[in-house]
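K.L.:
Next come a sequence and a model predicted from it.
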Amino acid sequence: MHNSKINDFVVRFANVNGTGSASANLLFAKAIFRMGIPVAPKNIFPSNIQGLPTWYEVRVSEKGYLGRREGVDIMICVNPQSMPSDVADVKSGGYFLYDSTKALHPELIREDVNYIGVPLMEICLREFTDPRQRQLFKNIIYVGALSALLGIEFEVLEQLLTEQFNGKEKLIAPNVKSLKLGIQYIHENYAYPLDLRLERRDLIGDRILAEGNDACGLGAVYGGATVVAWYPITPSTSVAEGFEKHAKKMRIDKETGKNNYAIIQAEDELAAIGMVIGANWNGARSFTATSGPGLSLMNEFLGLAYFAEIPAVLIDVQRTGPSTGMPTRTQQSDITLAAYASHGDTKHILLFPSTPKECFEMTAGSFDLAEQLQTPIILMSDLDLGMNDHLSEPFEWDDRRKYIRGKVLSAEQLEEMPQFGRYLDVDGDGITYRTIPGTHPTKGSFFTRGTSRDEYAAYTEDGTVYARNMARLLKKWDTAKDTVPAPYLYQQKNKSPYGLIFFGTSTYSAEEAMDIMAGQNIAFDALRLKAFPFNKTVEDFVSTHERIFIIEQNRDGQMRSLLINELNANPQKLIPILNYDGMPITADTIMAQISKNLTPAKNLMYQ
């Protein structure tokens, strides 16, 4: 038996997909959140609809660590199919809670694991007559058992059920009854609470639990989007669903009751991005959401938007590739594809949110960026950020904020101009002036082509003119370096010859690894990337450190390749720290890989 651990452990639920366990497991996570304790839940689900194993992992951390942690302290296993591997995953001295309606096979018994048998199905058969209720309430009974074992406040669970079934009050009583059945069984048969337990804290503050995809949908509404064209694909579908949900509340004309938004389900991803480009060209703010396979299909139109210089917003919720890969597992593996999407010399602006709040802010801001720079903006989320609940700072919005439409000429401005040059660099920043079609009856843009043209949009195959246009696009790229969100530096000046670079959801575990290693007197400077292209801060960070560890979730070190390619950095000094098994990277993984590439710890700090 291990020493008492309060508010510091990992619980994993092993269920069968499609049995209604998701809401019960979320109830458990929310109860811990309501008790003021930092919590990080992860839904690990199969890509089929029903029948295969699914897991729900909840990390409880008094210190506020929100990254995934290796090892399971308490396993709740109600799926015989996965039971052998589930037993193996429990840490020595940990707990295995199972449905004891049937006896465990002797091969599943480990001497270093504590077993807690609760006859879930037997209790359900005795207490409920409806077959579906028996299946659903089995999940609530084990939540009740856990509440007794871990010390979850019953009043919190009862309040959450009351909120969940608001409008369906008749469901509250049987759910509360189920909780009490689980509690009663533990009280009558086991010592409680366990040495692993929960105690109320006040460590949440004003933070919220939110999913990245829903935050992106809300950010699109606040960012002024009125058109979304999309094709369903895991794990991005809930971005469009989130937009629709929030638009139904905020995009309805008060006088007519009509929708001030349009949602179009296209026949495929290529059509979706084509519609988005067309809507933006016509002056609407439009976006789409997809994942890796969809991004592959969108390459041709992304090249058109880059070369014709049309604003567009694309939210890429990355999953495991290549090809179909593992559709319900997470990675950061679309970076190279997104950065250089399309043939020819093409570069796209990428944004890297790390939290739901940044999903909200960066999505809203991406529409300003797209119109300022007249180019596609690709927001690089992932399945972990998009589809899991994360502890997040509350979203903020200044109602005085004005949309930045960029260099758009009015009818009056066109009237005063002797000649409009759509691709003429007037200001020296590489960004030209555009018009919304129909602004003026005879002047302005009425047609856009993807072929080479001169400064006045006249078709040409003159190589000198083409090269001049491509050089201007590169100048616009340089302008973008100081327009996109700046990276976050963890120190004002260098304190160590060694640096860490990370981005997106790798941030949670990277920060935890830094914290643990700092406690061991191992110091690193660190930088979190928020956007591509890289500005001078990133360039200086890379050039002024002897060795830099690039933490990312893919096999080939795609961000490392981007840094080498764009900054002409020495590949020898950029060390890849990689995880690509489809699960979120952990601090243990980061520290283990760093330790293999380090000189002795005493040399890690400036003397």
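P.N.:
Nice, I can see it.
K.L.:
ok, now how distant is the residue of the chain positioned farthest from its centre from Y456?
P.N.:
Note on the chain: the largest C-alpha distance from the chain mean falls to P418, namely 48.5 Å (C-alpha atoms, centre = their mean). Noted for P418: a distance of 12 Å to Y456, by C-beta to C-beta, to the nearest Å. Using the backbone N, CA and C atoms, a C-beta is placed for each residue, glycine as well.
K.L.:
swap in I273?
P.N.:
27 Å.
K.L.:
neighbour-wise, which of those two wins?
P.N.:
I273 (31 against 12; other C-beta atoms under 10 Å).
K.L.:
For the helix or strand where that one lies, give the mean pLDDT please.
P.N.:
If you go by DSSP states H and E, I273 is part of helix 269-281. Helix 269-281 carries an average pLDDT of 98.
K.L.:
going forward, begin numbering at 51 instead of 1
P.N.:
Renumbered: residue one is now 51, and that last one reads helix 319-331.
K.L.:
helices or strands up against that helix?
P.N.:
The contact analysis (3 or more C-beta pairs under 8 Å, 6 or more residues apart in numbering; DSSP states H and E) places helix 319-331 against strand 277-280, strand 336-340, helix 342-347, helix 349-358, strand 362-368.
K.L.:
Figure out which of these is closest to V226.
P.N.:
Relative to V226, the nearest member of the helices and strands packed on helix 319-331 by C-beta to C-beta is strand 362-368, separated by 36.5 Å.
K.L.:
Give me the angle between the closest one and strand 336-340.
P.N.:
Interaxial angle, strand 362-368 versus strand 336-340 (axes from the mean of the first three to the mean of the last three C-alpha atoms, to 10 degrees): 20 degrees.
K.L.:
could you dump the next helix or strand along the chain from strand 362-368 to PDB, C-alpha only?
P.N.:
Using DSSP H and E, the helix or strand that follows strand 362-368 in sequence is helix 385-389. Coordinates of each C-alpha in helix 385-389 appear next as PDB, following Å, rounded to 0.1, in the frame of the first residue of the first chain:
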ATOM      1  CA  ILE A 385       2.600  21.300 -39.900                       C
ATOM      2  CA  THR A 386       4.700  20.800 -43.000                       C
ATOM      3  CA  LEU A 387       1.600  20.200 -45.200                       C
ATOM      4  CA  ALA A 388      -0.200  23.300 -43.900                       C
ATOM      5  CA  ALA A 389       2.900  25.600 -44.000                       C
END
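K.L.:
Pairing partners for whatever helix or strand comes next after helix 385-389, with directions?
P.N.:
Sequence order places strand 399-401 as the next helix or strand after helix 385-389, per DSSP H and E. Next to strand 399-401 in the sheet, as set by DSSP bridges, lie strand 426-432 (parallel), strand 581-582 (antiparallel).
K.L.:
if we can go back for a sec, contact partners of the helix holding I323?
P.N.:
The contact list for helix 319-331 (C-beta atoms under 8 Å, 6 or more residues apart in numbering) reads 277-281, 283, 314, 316, 336-338, 340, 343-345, 347-348, 350-352, 354-355, 360-364, 420, 487, 498.
K.L.:
Pull out the buried members of those.
P.N.:
277-281, 283, 314, 316, 336-338, 340, 343-345, 347-348, 351-352, 354-355, 360-364, 420, 498 (16 or more other C-beta atoms under 10 Å).
K.L.:
need the contact list for the spatially closest residue to C409 that is not a sequence neighbour.
P.N.:
Nearest residue to C409, sequence neighbours excluded (C-beta to C-beta, 6 or more residues apart in numbering): A265, at 3.9 Å. Contacts for A265 (C-beta under 8 Å, 6+ apart) come out as 292, 406-407, 409-410, 413, 442, 445.
K.L.:
Of the helices and strands packed on helix 319-331, which is nearest F187?
P.N.:
Here strand 362-368 is closest among the helices and strands packed on helix 319-331 (C-beta to C-beta), at 33.4 Å.
K.L.:
list the helices and strands the closest one packs on?
P.N.:
Packed against strand 362-368 by the contact rule (3+ C-beta pairs under 8 Å, 6+ apart) you find helix 262-272, helix 319-331, strand 336-340, helix 342-347, helix 349-358, helix 406-423, strand 426-432, helix 433-437.
K.L.:
and these as a markdown table, adding distance to E161?
P.N.:
Output for those, formatted as a markdown table (distance: least, C-beta to C-beta, whole Å):
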| stretch | distance to E161 |
| --- | --- |
| helix 262-272 | 42 |
| helix 319-331 | 53 |
| strand 336-340 | 49 |
| helix 342-347 | 44 |
| helix 349-358 | 56 |
| helix 406-423 | 43 |
| strand 426-432 | 39 |
| helix 433-437 | 35 |
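K.L.:
So for I551, which of the ones you listed sits nearest?
P.N.:
Of the helices and strands packed on strand 362-368, nearest to I551 by C-beta to C-beta is strand 426-432, at 15.0 Å.
K.L.:
beta partners for I601?
P.N.:
Per DSSP bridges, the residues bridged to I601 are I627.
K.L.:
Hmm, it is touching I625, no?
P.N.:
No. Judged on C-beta atoms under 8 Å, I601 makes no contact with I625 at a distance of 9.8 Å.
K.L.:
Comparing these two, which shows the higher neighbour count?
P.N.:
I601 (29 against 20).
K.L.:
Pull up the gap between that one and L433, please.
P.N.:
18 Å.
K.L.:
thinking again about what came up before, okay if I get the contacts of A265 as TSV plus pLDDT and distance to Y548?
P.N.:
Listed next are the contacts of A265 as TSV, based on pLDDT from 0 to 100; distance: C-beta to C-beta, whole Å:
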residue	pLDDT	distance to Y548
G292	98	40
P406	98	31
K407	98	29
C409	98	30
F410	98	33
T413	98	34
S442	98	30
F445	98	35
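K.L.:
Among those residues, name the buried ones.
P.N.:
292, 406-407, 409-410, 413, 442, 445.
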